[in-house]
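J.: Prediction below, plus the sequence it came from.
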Amino acid sequence: MWLCLVIVQGCRTRPETPPAPTPAAKVATTRPLDQATAEALDIEFGRPQATACNCFAADPSATDGGACATPRFGAYLLALTWAPNFCSGHPDKEQCRQLKGSFAATHLTIHGLWPQFTDAEEQQQRCAYPAYCGGLCECRSRNAPSHCFPDPSTIPDTMGTYGPGFVTDNFFLANHEWPKHGSCTGMDARSYFSSSIDALLSLPGDQGTPALLRDNIGGGVPLSELRSAFGAEDSVAFGCDPRCNLSAVTVCFGVGDQGRPTTRIPCPRNVTDSSSNSCVGDPQRPRCPTVSLQAVSSGGGG
């Protein structure tokens, strides 16, 4: 039987959150069904379901989400999106229609905070990460019941800036990320969302985006310099599209108090050898020695 995560240490992140625009008032709603198809999830959320251990059973004493129904996991992945690239393929999404002139046009934004098994844990579990914990198996369905979705009031106002997909299109990203990933953390929804923001703001640069990226939008940067810009190079993976445009950045963190992310750690091989690190591929002969940073005008949106 899986044990609860032990409360031992607080999240080591920046103490203050920079001010951000306040999004429109939140209204509880269900996931838009036309955006919940398997095809849409494959495009937007990437990792194959086959690599997940789904549906860890709920503990009778659990009172919230995946509390006490959580498998032990040794890492977190903070998945970040380069929105101009994402929006080049999804121009009709609400967050993309609002991209021009926004924070996301020049900064990395939050896709999700994902529990991840270490390489040793993966061998034991026979999968790379847990999903839909705490009895939330039914939340995988296109017609998932409303209890699968987090209360919109648990989403910090600043998420409208740092993770616009969480509050646009009827909170679609929040409605996906919480049951699939948040339920396996042992945190409640409010802590899960705030921990995602804290992890972003702990990264180098302006609110989680190194100056190298912001100063080279519309151009390209050597992969080696991109890795150095984030520091702790073995804790970061970079995703590129077939044309070597940056699409995503994945940062690996340890696990601490109440399941919160702590300091950065080397990424497991199940991350560095995956599509999350597609800019690199073979470290000796990187697939994308130069990585392009699309701008809104060339990358879509707005």
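T.: Structure received.

J.: rest of the way, CA atoms for contacts and neighbours
T.: Fine.

J.: Relative to residue 90, how far out is the nearest residue to residue 296 once chain neighbours are set aside?
T.: Nearest residue to residue 296, sequence neighbours excluded (Cα to Cα, 6 or more residues apart in numbering): residue 84, at 5.1 Å. According to Cα to Cα, to the nearest Å, residue 84 stands 10 Å off from residue 90.

J.: Residue 196 now?
T.: 23 Å.

J.: Give me the more crowded residue out of residue 84 and residue 90.
T.: residue 84 (32 against 18; other Cα atoms under 10 Å).

J.: tell me which element the more buried one falls in.
T.: helix 83-89 (DSSP states H and E).

J.: That helix - contacts with which helices or strands?
T.: Packing partners of helix 83-89 (3 or more Cα pairs under 8 Å, 6 or more residues apart in numbering; DSSP states H and E): strand 246-255, helix 296-299.

J.: Buried deepest among these, which one?
T.: strand 246-255 (a mean of 25; mean count of other Cα atoms under 10 Å).

J.: immediately after it, which helix or strand?
T.: strand 261-264.

J.: Let me know whether residue 178 touches residue 149 as I believe.
T.: Yes. Contact criterion Cα atoms under 8 Å: residue 178 and residue 149 qualify, at 7.1 Å.

J.: So those two - more neighbours on which side?
T.: Ranked by neighbour count (other Cα under 10 Å), residue 178 and residue 149 place residue 178 first, with 25 against 22.

J.: mind listing what's buried in the helix or strand hosting the more buried one?
T.: Assessed by DSSP H and E, residue 178 sits inside helix 172-180. Burial within helix 172-180, assessed by neighbour count using 16 or more other Cα atoms under 10 Å, is assigned to 172, 173, 174, 175, 176, 177, 178, 179, 180.

J.: Report the separation between the nearest residue to the fifth one once chain neighbours are set aside and residue 102.
T.: If you skip the residues right next to it in sequence, residue 176 has residue 149 as its closest partner in space, 7.7 Å away by Cα to Cα, 6+ apart. The spacing between residue 149 and residue 102, counted by Cα to Cα, is 27 Å.

J.: go on, residue 174?
T.: 20 Å.

J.: now swap in residue 82 and tell me
T.: 13 Å.

J.: Between the two, which is the more surrounded one?
T.: Taking neighbours as other Cα under 10 Å, residue 82 and residue 102 compare with residue 82 leading, 25 against 15.

J.: Wait, the more buried one touches residue 241, no?
T.: No. Assessed by Cα under 8 Å, residue 82 is found out of contact with residue 241, at 11.2 Å.

J.: Next, the residue nearest to the spatial centre of the chain: secondary structure please.
T.: The geometric centre of the chain, computed from its C-alpha atoms, lies nearest to residue 112 (Cα atoms, centre = their mean), at 2.0 Å. Under DSSP: H, G, I helix; E, B strand; the rest coil, residue 112 falls in the strand class.

J.: which residues in the stretch 101-250 of the chain form helices?
T.: Using DSSP state H, counting those that start in this stretch, the helices found in the stretch 101-250 of the chain span residues 119-125, 159-162, 172-180, 189-201, 211-214, 223-229.

J.: Residue 296: which of those is closest?
T.: Nearest to residue 296 among those is helix 211-214 (12.5 Å), distances taken as Cα to Cα.

J.: thinking again about what came up before, what's the per-residue pLDDT of the residue nearest to residue 176 here?
T.: Here, the pLDDT recorded for residue 149 equals 95.

J.: what's the answer for residue 135, then?
T.: 79.

J.: Also residue 194?
T.: So residue 194 comes in at 98 (pLDDT).

J.: could you list every residue that touches it?
T.: 155, 156 (Cα atoms under 8 Å, 6 or more residues apart in numbering).

J.: count of neighbours near residue 123?
T.: 11.

J.: quick one: residue 239 from residue 80, how far?
T.: 10 Å.
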